[in-house]
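Undergrad: sequence first, predicted model second:
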Amino acid sequence: MTAFSSMAGPAGNIPASDIDQACCGSSILAQNLYPFSGGTNSRDVTIVTKGDIANTTATSKTILDQETTNQAQNEAQPWQELLPLSCTITTTATHQPGDQAQAVSVTVSEHCNVFAYTLADVQQQATRLVKQVIPRGYSLVRLSLLLLTASVTDAHKGTGVLTIQSTAFLAVVPAALRPYGFGGK
């Protein structure tokens, strides 16, 4: 039969024959022939938690995102506008949640694809498209563009989507200035 001491630590390491008495009736003898051993004092143990890794990762990611954005903006030409960065993040840790450790090192790396467009190209393409749908008898005076969203659709192909709201200001062309639609006079 296996027995355990109810006293914690080394105080529970009792010598042989410390238990030696009748138990549960006169025909049953409770006795420890060997000393109890292995009792140790309690100690504090530091365990790595999911929160340790998650908090360190989040803090590092925030710093990396800002540094990456700043670097991309510094490298962009003055006439270029950046799309939101398309990034892949890799995280490694020296310990996993549940491991006993005094410290854990977390490495967060970020690889980003930077995509840019020029406002002049967007304005030129929008003007070309609007001119194709202007009714006869009108001319384009001014085109106002409002960028609603910008996103990368395929980082590998380098494609993205700009959603633009355009407002075209048109003028009526007087009949005397309109070109004739026939080949004669």
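TA: In hand now; what should we look at? Numbers count the residues shown, from 1 in each chain.
Undergrad: give me phi/psi at the residue of the chain most remote from its centre?
TA: What lies farthest from the middle of the chain is Ser26; by C-alpha atoms, centre = their mean that is 71.3 Å. Phi and psi for Ser26, reported as degrees, to the nearest 10, are phi -70, psi -20.
Undergrad: helix or strand for the residue nearest to His111 when sequence neighbours are not counted, which one?
TA: Excluding its sequence neighbours, the residue lying closest to His111 (C-beta to C-beta, 6 or more residues apart in numbering) is Thr88, at 4.9 Å. To be clear about C-beta, it is placed using only N, CA and C from the backbone, and glycine gets the same treatment. Thr88 is located in strand 86-93, with elements delineated by DSSP states H and E.
Undergrad: Thr59 too?
TA: helix 50-75.
Undergrad: before we move on, back to that, tally of neighbours for the residue nearest to His111?
TA: 10 (other C-beta atoms under 10 Å).
Undergrad: what distance do you get for the residue farthest from the centre of the chain to Leu33?
TA: Ser26 is 20 Å from Leu33, where distance means C-beta to C-beta, to the nearest Å.
Undergrad: same check on Thr118?
TA: Noted for Thr118: a distance of 90 Å to Leu33, by C-beta to C-beta.
Undergrad: quick one: which of the two has more around it?
TA: Thr118 (12 against 8).
Undergrad: contact partners for the more buried one?
TA: Thr118 is in contact with 79-81, counting by C-beta atoms under 8 Å, 6 or more residues apart in numbering.
Undergrad: hang on, the earlier thing: and the strand holding Thr88 with helix 50-75, angle?
TA: If you take axes from the mean of the first three to the mean of the last three C-alpha atoms, to 10 degrees, strand 86-93 sits at 140 degrees to helix 50-75.
Undergrad: cool, thanks, talk later.
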